[in-house]
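Trainee: Give the three-dimensional model of this entry:
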Amino acid sequence: MKHLLLTDTRTGVTAELIFLLVFAYVLWAILLAFLARKKEIGSFRQLLISLFLTPVVGTLFYLGSGDRKMEIYQVTRYQCKRCKYVFTEEYTYCPYCQKDGYEVELEKTFKDMT
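Mentor: Down below sits the predicted model:
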């Protein structure tokens, strides 16, 4: 049985070569989108740029994009010294330890958040 290659007789380009090029194009665009997760440009925007403006242009956008800036702020928490439970509301004594018959004062702590 004869293997049929779909070949354009004018240019000599086979269908397999076209498929390989399209596969590499899409794979490059997806790889750039995966890498751009922690960049300012973001994954979705990077994927759209890479698919519609070619992965070469997408690579330039990726390289030009800076890292995402994380804003760090502090949140007040209250922790029981006995049971180590952390509360978001301010209580004088731990409600869980009070049920067990202990009056343990809560310690004010600060937690870094992003």
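
Trainee: Quickly find the element holding residue 110.
Mentor: Taking DSSP states H and E as the criterion, residue 110 maps to strand 106-113.

Trainee: ok, which stretches of this protein are strands?
Mentor: Under the criterion DSSP state E, the chain contains strands at 73-80, 86-87, 106-113.

Trainee: elements contacting the shortest one?
Mentor: To tie it back to what came earlier, the one meant is strand 86-87. Contact here means 3 or more Cβ pairs under 8 Å, 6 or more residues apart in numbering; DSSP states H and E; on that basis strand 86-87 packs against strand 73-80. For the C-beta atoms, the positions are set from N, CA and C on the backbone; glycine is no exception.

Trainee: what mean pLDDT does the strand it packs on have?
Mentor: In this model, strand 73-80 has a mean pLDDT of 93.

Trainee: CA atoms of that strand as CSV?
Mentor: In CSV, the C-alpha atoms belonging to strand 73-80 read as follows (Å, rounded to 0.1, in the frame of the first residue of the first chain):
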residue,chain,number,x,y,z
TYR,A,73,-0.1,44.6,55.0
GLN,A,74,-0.6,43.5,58.6
VAL,A,75,-3.8,42.2,60.1
THR,A,76,-4.4,42.1,63.9
ARG,A,77,-5.1,38.6,65.3
TYR,A,78,-5.7,37.4,68.9
GLN,A,79,-4.2,34.1,70.0
CYS,A,80,-4.9,32.1,73.1
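
Trainee: Contacts for that strand, please.
Mentor: 85-91, 94, 96-97, 104, 106-114 (Cβ atoms under 8 Å, 6 or more residues apart in numbering).
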